[in-house]
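Participant: Sequence plus the predicted model coming up.
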Protein chains: 2
Amino acid sequence: MSTYMTGDIVAASARGHPVEGIYITDRDGMAVLKLKSGYNIGVDHETCTLVRRAGDQPAPAVPTVTQDENLPELAIISTGGTIASKIDYRTGAVTSQFTADDILRAVPGLTTVARYRAEVLATILSENMTPSTWQALARAAHAAVSDGAKGVIVTHGTDTLAYSASALSFMLDTPAPVVFVGSQRSADRPSSDNVMNAMCAAAAARSDLGEVAVAMHATTDDDLCAVHRGTRVRKMHTSRRDAFQSHEMAPVATVAYPSLKVDLSPEAVRRGETEPALHADLEERCGLLYFYPGMPEEAVRVYEDFKGLVIAGTGLGHVSSGCIGALREMVDAGTTVVMTSQCLHGRVCDRVYDTGRDLLAAGVVEGEDMLPETALTKLMWVLGNVDDTEEARRLMATDLKGEIKRRSDYGL
Amino acid sequence: MSTYMTGDIVAASARGHPVEGIYITDRDGMAVLKLKSGYNIGVDHETCTLVRRAGDQPAPAVPTVTQDENLPELAIISTGGTIASKIDYRTGAVTSQFTADDILRAVPGLTTVARYRAEVLATILSENMTPSTWQALARAAHAAVSDGAKGVIVTHGTDTLAYSASALSFMLDTPAPVVFVGSQRSADRPSSDNVMNAMCAAAAARSDLGEVAVAMHATTDDDLCAVHRGTRVRKMHTSRRDAFQSHEMAPVATVAYPSLKVDLSPEAVRRGETEPALHADLEERCGLLYFYPGMPEEAVRVYEDFKGLVIAGTGLGHVSSGCIGALREMVDAGTTVVMTSQCLHGRVCDRVYDTGRDLLAAGVVEGEDMLPETALTKLMWVLGNVDDTEEARRLMATDLKGEIKRRSDYGL
């Protein structure tokens, strides 16, 4: 048992390095300290010494939130994640408990951009997001827009934020912006991006944008957020604040900070261009399979009774010849199999090499230049909304929400 | 049946676009034409008209190859792929048949850089590469260096070239450069990169480099090849000639073209720094699993009886809570499970969020900032060479061949 109380400042040694942090709890026989960096670390009790007892630092008062009724109304839909995290000032622990006013208290500047209605849809880490949460999210965003909200902000953990944004892109025809936003560093860290990202997301949500998008830091500085198309965005770094990048296109908008000036790109879908509609059906029995040399056929056969399978193949869209038989059987039995590339960039083309032609002959659909993750959410949506296999195959190769670029050259 | 003969020039219509190409054969009731772009295309017979009969164009004479015995000797080990492809001038079809002199005939300039011994190790498309081919390749490269070759060139299909280069990096301690090279466009295409890549690979193979590396176009121009560290390279585009990129480091060298001037980076391992050694054992029962929201637990359990599993998790290295139980059981049963990130960039850190801490408690090893593909070949190598589980876990988190960067900051 520890002799420390939660909140004590404790010095210790971790892998030979001196560290200092707030004692939180004991776990697995180790003392868990919250470092100044915001990270928690487990340290041996034997290396710990008390620096200062807890209780000297008073908890800050909870500010009240006043909204300006003359501003346009935005909906905030919260799903959890770092941006929605609340700090327990006593323990320093980060949790995702979240009430309607919490984000306005955390980011008071938001009240100068709009007035807000807030809805807590979920309180989960985004790695636990599921297709059914995507559906609930699409319904909530559609309801908010139908009910007069000028735009929607979705707060979301960054891990699977891009998957959710692409799923909503397909489920939702929206005349108003639906802007996902997250935070790579929790609010208790000096480098937290939660305030700037939230402010820029609000500016984007009341702008002339008319599509599902993702607003996050554009650079490592605090001067610009990029707004990415929901079907064309990927988290490309584990920890950097500018981890999210548009894929093979420029961001659909940028938001300068702190001026909050929004610049839409020529490619951005404009507010009001699209009639509102909700098509929230998804076929959840769809998988994503990442090929590697020597992959056993059994890794393919896991998906035998699935309705859909996206493969992240090598190069132009290949798997080993030994896997093609299993794929052919699956296609024959009714599974829609779509090929994408683990290169991430460039277009799949299965007409160049023998393996590709064998895959086409087996009935595999070329996923054009879609990201594997976007192809997965699209396949769920297509198979949830279309019964005919041929029509599903056609839709998978057709641009629906900006996820496929027109070929620049015939045959290339 | 077609009225055309192989080699005829035929005009046709494909999806409403006019095309013209060399008639190759009939397949699935379609006429297969080879376009000027190098791609083959199937067209309806009804849209075909004859432009010119075959036989007017004489096949070029086969040049003889003379080697300069005063130049240093390099070994060329061929495994197949686009760079080793030979054009059948009569049919226009690209095949991978390859004899020792073929690459010197295709790239006569090579004889000005070195003299060569050539060995055909395999003639396969690289998506069919297996760990046992990697082992044969490591043995052949080691034998060539031990036998006095100043360097080794490995010609390889680009699809899985990076996997092979990383596998050899672990199996081989080499005082001389072992340079993988491929080609993104086959030799019959005007934009083929085979000549320049081969020339630059030869220059790199006789340079002062002393590690396993990959030489490919650095830009879309024909003026510079980049030489990437074998453990830090990834194919990032399906078709561009500069598809290969160094990951989180600068290339270890560049080769200017056509001057063939080699510039080694300060980080490059120098010729002779490493004593030659071969450790070719690999544990083939290792898998790579790409997590996505809603992934069923059964996709994890495919690997239950495997010795090793690399996960490409989300963000800092997460999977859904529902998958952690299966991973814990696997670790308890002796499987080494290593976490990497599908973000590709940045370091895994499972001490920040609950899911990560649960994964650590389950015994999952943090894969630091290794690429998922590199972590897979490394895990095969570690488990092939070390019996003790704890030692294997330690090695997976230790930099062996430049695959892990030292942390810039403690705790970050």
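Facilitator: In hand now; what should we look at? Numbers count the residues shown, from 1 in each chain, chains lettered A, B, ... in the order given.
Participant: Give me the phi and psi for the residue lying closest to A:Q342 once chain neighbours are set aside.
Facilitator: Computed as CB to CB, 6 or more residues apart in numbering or on different chains, the closest residue to A:Q342 that is not its neighbour in sequence is A:A312, at 4.3 Å. (Glycine included, C-beta is placed from N, CA and C.) A:A312 adopts backbone torsions of phi -100, psi 90, taken as degrees, to the nearest 10.
Participant: Show me what from the stretch 101-250 of chain A comes close to chain B.
Facilitator: A:125-131, A:157-160, A:163-164, A:235-240, A:243 (CB under 8 Å from any CB of the partner chain).
Participant: Tell me the residue of the stretch 1-150 of chain A that sits nearest chain B?
Facilitator: A:E127 (4.0 Å; CB to the nearest CB).
Participant: So that residue lies in a helix, does it not?
Facilitator: Yes. Counting by DSSP: H, G, I helix; E, B strand; the rest coil, A:E127 is found in a helix.
Participant: Give me the distance between it and A:S320.
Facilitator: Noted for A:E127: a distance of 29 Å to A:S320, by CB to CB, to the nearest Å.
Participant: All the helices of chain A, residue numbers only.
Facilitator: Remark: helices assigned in chain A by DSSP state H are A:102-106, A:131-146, A:161-171, A:194-205, A:297-301, A:321-332, A:354-361, A:372-385, A:389-396.
Participant: Comparing the ones you listed, which comes out most buried?
Facilitator: Stretch with highest mean neighbour count among these: helix A:161-171 (a mean of 28; mean count of other CB atoms under 10 Å in any protein chain shown).
Participant: Mean confidence (pLDDT) on that one, please.
Facilitator: Confidence for helix A:161-171, expressed as mean pLDDT, is 98.
Participant: Over to stretch A:341-348?
Facilitator: 97.
Participant: sorry, back to before: show me what contacts the residue nearest to A:Q342?
Facilitator: Residues near A:A312 by CB atoms under 8 Å, 6 or more residues apart in numbering or on different chains: A:L288, A:L289, A:Y290, A:F291, A:T340, A:S341, A:Q342, A:P372, B:Y290.
Participant: could those residues go into TSV alongside distance to A:V331?
Facilitator: Shown next, in TSV, are those (distance: CB to CB, whole Å):
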residue	distance to A:V331
A:L288	17
A:L289	14
A:Y290	19
A:F291	16
A:T340	16
A:S341	19
A:Q342	21
A:P372	18
B:Y290	21
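Participant: From those residues, pick the one nearest A:H45.
Facilitator: The shortest approach to A:H45 among the contacts of A:A312 belongs to B:Y290, at 38.9 Å (CB to CB).
Participant: which residue sits closest to the residue nearest the centre of chain A, ignoring its sequence neighbours?
Facilitator: By CA atoms, centre = their mean, chain A has its centre lying nearest to A:L161, at 0.7 Å. Nearest non-adjacent residue to A:L161, counting by CB to CB, 6+ apart: A:G182, 5.0 Å away.
Participant: Please report the distance of the nearest residue to A:R139 once chain neighbours are set aside from A:P296.
Facilitator: Leaving aside its sequence neighbours, A:R139 sits nearest to A:A280 (CB to CB, 6+ apart; 5.8 Å). Computed as CB to CB, the A:A280 to A:P296 distance reads 36 Å.
Participant: Look at those two and report which has more neighbours.
Facilitator: A:A280 (20 against 15; other CB atoms under 10 Å in any protein chain shown).
Participant: List the contacts of that one.
Facilitator: Per CB under 8 Å, 6+ apart, neighbours of A:A280: A:Q135, A:A138, A:R139, A:H142, A:M171.
Participant: thinking again about what came up before, burial measure for the residue of the stretch 1-150 of chain A closest to chain B, as a count.
Facilitator: 26.
Participant: Partner strands of the strand ranked longest in chain A and their direction?
Facilitator: The longest strand of chain A (DSSP state E) is strand A:17-27. Next to strand A:17-27 in the sheet, as set by DSSP bridges, lie strand A:9-14 (antiparallel), strand A:30-35 (antiparallel).
Participant: for A:T47, what are its contacts?
Facilitator: Here A:T47 is in contact with A:A12, A:S13, A:A14 (CB under 8 Å, 6+ apart).
Participant: Could you tell me which of those residues count as buried?
Facilitator: Buried members of these, counted by 16 or more other CB atoms under 10 Å in any protein chain shown: A:A12, A:A14.
Participant: Dump the contacts of A:T47 to CSV, plus distance to A:R407 and pLDDT.
Facilitator: Listed next are the contacts of A:T47 as CSV, based on distance: CB to CB, whole Å; pLDDT from 0 to 100:
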residue, distance to A:R407, pLDDT
A:A12, 59, 92
A:S13, 59, 89
A:A14, 54, 85
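Participant: give me every residue that touches the residue nearest to A:V227 when sequence neighbours are not counted.
Facilitator: Once flanking residues are discounted, A:V227 sits nearest to A:A253: 3.8 Å by CB to CB, 6+ apart. When contacts are counted by CB under 8 Å, 6+ apart, A:A253 touches A:A204, A:S207, A:L209, A:A213, A:A226, A:V227, A:V262, A:D263, A:L264, A:S265, A:A268.
Participant: Report the mean per-residue pLDDT for stretch A:72-88.
Facilitator: 77.
Participant: Sorry, wrong one. I was asking about stretch A:291-307.
Facilitator: Here the average pLDDT along stretch A:291-307 is 96.
Participant: Compute the first-to-last residue distance for it.
Facilitator: Using CA to CA, to the nearest Å, one end of stretch A:291-307 lies 19 Å from the other.
Participant: One more: stretch A:107-127?
Facilitator: Stretch A:107-127 end-to-end distance (CA to CA) = 25 Å.
Participant: With stretch A:207-221 instead?
Facilitator: 23 Å.
Participant: Kindly report the same for stretch A:260-267.
Facilitator: 20 Å.
Participant: again with stretch A:330-338
Facilitator: 12 Å.
Participant: what's the answer for stretch A:265-285, then?
Facilitator: 36 Å.
Participant: Now do the buried residues in it.
Facilitator: Across stretch A:265-285, burial judged by 16+ other CB under 10 Å covers A:A268, A:V269, A:R271, A:T274, A:L278, A:A280, A:L282, A:E283, A:E284, A:R285.
Participant: Next: stretch A:49-56.
Facilitator: Those would be A:A54, for stretch A:49-56 by 16+ other CB under 10 Å.
Participant: Rounded mean pLDDT for it, please.
Facilitator: Stretch A:49-56 comes out at a mean pLDDT of 79.
Participant: Send me it as CSV with only the CA atoms.
Facilitator: What follows is stretch A:49-56, C-alpha atoms only, in CSV (Å, rounded to 0.1, in the frame of the first residue of the first chain):
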residue,chain,number,x,y,z
THR,A,49,10.0,10.6,-2.2
LEU,A,50,7.4,13.1,-1.2
VAL,A,51,7.9,16.7,-2.5
ARG,A,52,4.7,18.3,-1.2
ARG,A,53,1.5,17.1,0.3
ALA,A,54,-1.8,17.6,-1.6
GLY,A,55,-4.3,20.1,-0.4
ASP,A,56,-2.2,23.3,-0.9
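Participant: who's in contact with it?
Facilitator: A:Y4, A:M5, A:T6, A:G7, A:D8, A:I9, A:V10, A:A11, A:A12, A:E20, A:Y23, A:R90.
Participant: Need the contacts of A:A253 in JSON lines (columns: distance to B:R115 and pLDDT).
Facilitator: As requested, these are exported to JSON lines (distance: CB to CB, whole Å; pLDDT from 0 to 100):
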{"residue": "A:A204", "distance to B:R115": "62", "pLDDT": "98"}
{"residue": "A:S207", "distance to B:R115": "65", "pLDDT": "98"}
{"residue": "A:L209", "distance to B:R115": "63", "pLDDT": "98"}
{"residue": "A:A213", "distance to B:R115": "59", "pLDDT": "98"}
{"residue": "A:A226", "distance to B:R115": "53", "pLDDT": "98"}
{"residue": "A:V227", "distance to B:R115": "58", "pLDDT": "98"}
{"residue": "A:V262", "distance to B:R115": "63", "pLDDT": "98"}
{"residue": "A:D263", "distance to B:R115": "59", "pLDDT": "98"}
{"residue": "A:L264", "distance to B:R115": "61", "pLDDT": "98"}
{"residue": "A:S265", "distance to B:R115": "55", "pLDDT": "98"}
{"residue": "A:A268", "distance to B:R115": "59", "pLDDT": "98"}
